[in-house]
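**Q** mind looking at a prediction? Sequence and model below.
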Amino acid sequence: MPAKQVLIIYYSQTGQLADIVNVFSKPLKTESINLEIVRINTHHNFDFPWTSEKFFNAMPESVLNIPSELESYSLKQEKYDLIIFAYQPWFLSPSIPANSLLSDPKFQKVLNGTPVITLIGARNMWLNSQEKIKEKLKTLNANLVGNVVLIDRHQNNISAFTILHWMLGGKKDRYLGFFPLPGISQKDIAASESFGSLLLPHIESGNWDGLQDKFIEVGAVEVKDDLMFIEHRAGRLFSIWANLAYGKKNRCTILIFYKYYLLIALFIVAPIVLIVNNLLFKHFFIKQVNRKKQYYLSIN
Ligand SMILES: Cc1cc2nc3c(=O)[nH]c(=O)nc-3n(C[C@H](O)[C@H](O)[C@H](O)COP(=O)(O)O)c2cc1C
């Protein structure tokens, strides 16, 4: 049997997603698979660490899916048996580099008619962004067959705080010596090797039936009620802010307001709304919540 052609393609700013890709793909380095790993970049370099201004300045284009020019990259094949598209969300949307790749005609051509697995390395909010990716893959005639998601498992406010420390300070270390390490834990990254192993027989057979169920069963993708609740509401509000700022003369001023809005929404409003929802409303809507969770876990 000829070797299966598998492409893993991704952007990574700090190297976190690069680590995930390397670990996840270990089991795929076999004789039956011709594995090609491509790391892409945009012409515009998103400097790391970020300044606060540059960080929030990435919001409108992320949310409105406005692509940026890519540095040239090459693909060895014209057709693949599987493409693993690894990406990270920015502002509840695919990151600008990830979205730029999806808008690139060369990549679009290989996506056409090809099975795709999305591999996400996020803080903890990836649902809106995956919805946008699903839409885009559909219009490009690609066939989503699996979704694996790695997140920072710490409490939402703690992980938001530590990621800001990491993104703006440039070091993935413990803030003040006692906050948890930012980002996805090394343990979870190491565990992603087993998700790659689950994938192997499906690549070899070319049959994707049951793959996502296996991923769900082993916790390769999880949906948390509280985060789903927050993200649902935040997604719509981010669109309003993005449209307010994009292409406007007073963009900088609007983004300063957005920054304070986000900090207040995340650290003050969201926890209060969650407590009220969990105490008073959630139990009336358990069925809807579970239905929604199942939807986000699935690849449909
Ligand atoms: C500008 C920016 C916005 C981000 N927004 C989100 C987000 O909305 N949801 C989320 O789960 N993670 C978010 N993250 C975290 C990233 O998804 C990612 O996990 C982190 O940047 C490390 O990825 P890397 O491999 O590119 O370095 C954001 C990161 C950046 C830099």
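**A** Okay, I see it. Numbering: from 1, shown residues only.
**Q** so, low pLDDT: which residues of the stretch 1-150 of the chain?
**A** Applying pLDDT under 70 to the stretch 1-150 of the chain flags no residue at all.
**Q** got the domain boundaries for the chain?
**A** If you go by automatic domain parsing, the domain ranges for the chain are 4-223, 228-293.
**Q** so for residue 299, which of these sits nearest?
**A** Each of the domains of the chain was checked against residue 299 via CB to CB, and the shortest separation belongs to domain 4-223, namely 4.8 Å. Placement of C-beta: from N, CA and C, glycine included.
**Q** do me a favour and get the end-to-end distance for that closest one?
**A** Start and end residues of domain 4-223 are separated by 32 Å (CA to CA, to the nearest Å).
**Q** show me where the protein has its helices.
**A** For the chain, the helices defined by DSSP state H cover 16-24, 52-57, 59-63, 96-102, 105-111, 127-139, 156-169, 186-205, 211-217, 225-245, 251-264, 270-276, 286-297.
**Q** which other helices and strands does the fifth one contact?
**A** Applying 3 or more CB pairs under 8 Å, 6 or more residues apart in numbering; DSSP states H and E, one finds that helix 105-111 contacts helix 96-102.
**Q** residues from the stretch 101-250 of the chain in reach of the ligand?
**A** Of all the residues in the stretch 101-250 of the chain, those in contact range of the ligand (CB under 6 Å from any ligand atom) are 121-126, 167.
**Q** and for the nearest residue to residue 102 once chain neighbours are set aside, the neighbour number?
**A** Counting by CB to CB, 6 or more residues apart in numbering, residue 136 is the residue found nearest to residue 102 once chain neighbours are left out, at 5.2 Å. Close neighbours of residue 136, defined as other CB atoms under 10 Å, add up to 17.
**Q** next one: residue 143
**A** The number of residues packed near residue 143 is 16, by other CB under 10 Å.
**Q** quick revisit: pipe the residues of the stretch 101-250 of the chain next to the ligand into CSV and attach distance to residue 297 and neighbour count per row.
**A** Conversion of those to CSV gives the following (distance: CB to CB, whole Å; neighbours: other CB atoms under 10 Å):
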residue, distance to residue 297, neighbour count
121, 18, 29
122, 15, 23
123, 19, 22
124, 15, 23
125, 15, 21
126, 12, 27
167, 28, 19
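**Q** that older thread, so which of the domains of the chain is the most packed in?
**A** For the domains of the chain, ranked by mean neighbour count under the definition mean count of other CB atoms under 10 Å, the leader is domain 4-223 at a mean of 18.
**Q** quick one: contacts for the nearest residue to residue 270 once chain neighbours are set aside?
**A** For residue 270, the nearest residue in space outside its immediate sequence neighbours is residue 230; the separation is 5.1 Å by CB to CB, 6+ apart. By CB atoms under 8 Å, 6 or more residues apart in numbering, the residues touching residue 230 are 125, 156, 270, 273-274.
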